[in-house]
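Asks: Dropping a prediction and its sequence here:
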Amino acid sequence: NYGLYQFKDCNHQKEFTYASIKKQIKAGKDSAYCDVCRLDRLKSEAALSNLKLIGPGLASKHFKYEFLACVHTQEILPQHVKEQKNFKCKQCFDEKLEQEAAASGLELIGIDFVIGPTTYRKYKIVRCGHIQTMQHGLAKRGGYVCNVCEETARTLPSQIYLLHIQSGNYDWLKLGFSRD
């Protein structure tokens with residue numbers, strides 16, 4: 001039930017099922033694409049982003065790329081490569097975070113899966129051994145305190161308040177806490 005079809009633009013050939021071609025014609029779509037031309041396009045888009053296309057990835061719609069600067073490999077959506085956004089070498093980024101943490105007296109443990117893969121990471125404070133979640137920017141600058149060893153807003157007593165604010169036709173409720 002397969003037929004060999006030739007693309008008009010490039011003269012490459014590809015096998016399709018008769019049913020899939022019939023379905024495309026009936027839907028008025030021209031979604032058949034040449035695998036050879038698509039691969040060439042993906043390779044040239046990768047080269048523009050300092051990447052080398054390795055092949056299809058394990059994740060759906062992802063391809064495996066090699067970063068030319070560091071030779072690490074990673075799965076990336078081709079659309080992100082084409083638009084040259086939303087990707088960086090995760091391995092290099094993790095190594096950079098480890099170096100910044102060590103320079104600030106911390107040991108990087110990894111992503112805090114409770115908060116999620118954001119700018120927050122779990123760190124071990126080397127001088128006291130306590131584990132704490134913080135933004136990696138704080139770790140980089142050394143702008144952190146141990147929430148267990150130090151007195152912080154998290155450990156000092158505080159008062160909770162609820163404030164009703166009215167202005168014209170608008171009403172707000174503000175919930176907050178204060179130490180005084």
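Replies: Here it is on my side, so go on.
Asks: from the chain's centre, how far out does whichever strand or helix holds residue 21 sit?
Replies: Element membership for residue 21 (DSSP states H and E) is helix 18-27. The chain centroid and the centroid of helix 18-27 are separated by 37 Å under CA atoms, centre = their mean, to the nearest Å.
Asks: The helix or strand of the chain with the lowest mean pLDDT - contacts with which helices or strands?
Replies: Least confident helix or strand of the chain, by mean pLDDT, DSSP states H and E, is helix 18-27 with a mean of 81. Packing partners of helix 18-27 (3 or more CB pairs under 8 Å, 6 or more residues apart in numbering; DSSP states H and E): strand 2-6. No exception for glycine: its C-beta is placed from N, CA and C like everyone else's.
Asks: where does the chain dip in pLDDT?
Replies: Counting by pLDDT under 70, the low-confidence segments of the chain come to 29-31, 116-117, 153-154, 180.
Asks: hmm, 90 instead?
Replies: For the chain, the stretches with pLDDT under 90 are 1-9, 14-35, 38, 59-60, 84-87, 110-120, 135-145, 147-161, 176-180.
Asks: Okay, strands next: where are they in it?
Replies: Ranges of strands in the chain, per DSSP state E, are 2-6, 13-17, 51-56, 63-67, 73-76, 106-111, 120-125, 131-135, 159-167, 170-178.
Asks: quick revisit: just the CA coordinates for the helix holding residue 21, please, in PDB.
Replies: Extracted in PDB, the C-alpha atoms of helix 18-27 (Å, rounded to 0.1, in the frame of the first residue of the first chain):
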ATOM      1  CA  TYR A  18      -1.800   5.800  -0.500                       C
ATOM      2  CA  ALA A  19      -4.100   6.500   2.400                       C
ATOM      3  CA  SER A  20      -1.900   9.300   3.800                       C
ATOM      4  CA  ILE A  21      -1.700  11.000   0.400                       C
ATOM      5  CA  LYS A  22      -5.400  10.600  -0.100                       C
ATOM      6  CA  LYS A  23      -6.100  12.100   3.300                       C
ATOM      7  CA  GLN A  24      -3.800  15.100   2.600                       C
ATOM      8  CA  ILE A  25      -5.500  15.800  -0.700                       C
ATOM      9  CA  LYS A  26      -9.000  15.500   0.900                       C
ATOM     10  CA  ALA A  27      -8.000  17.900   3.700                       C
END
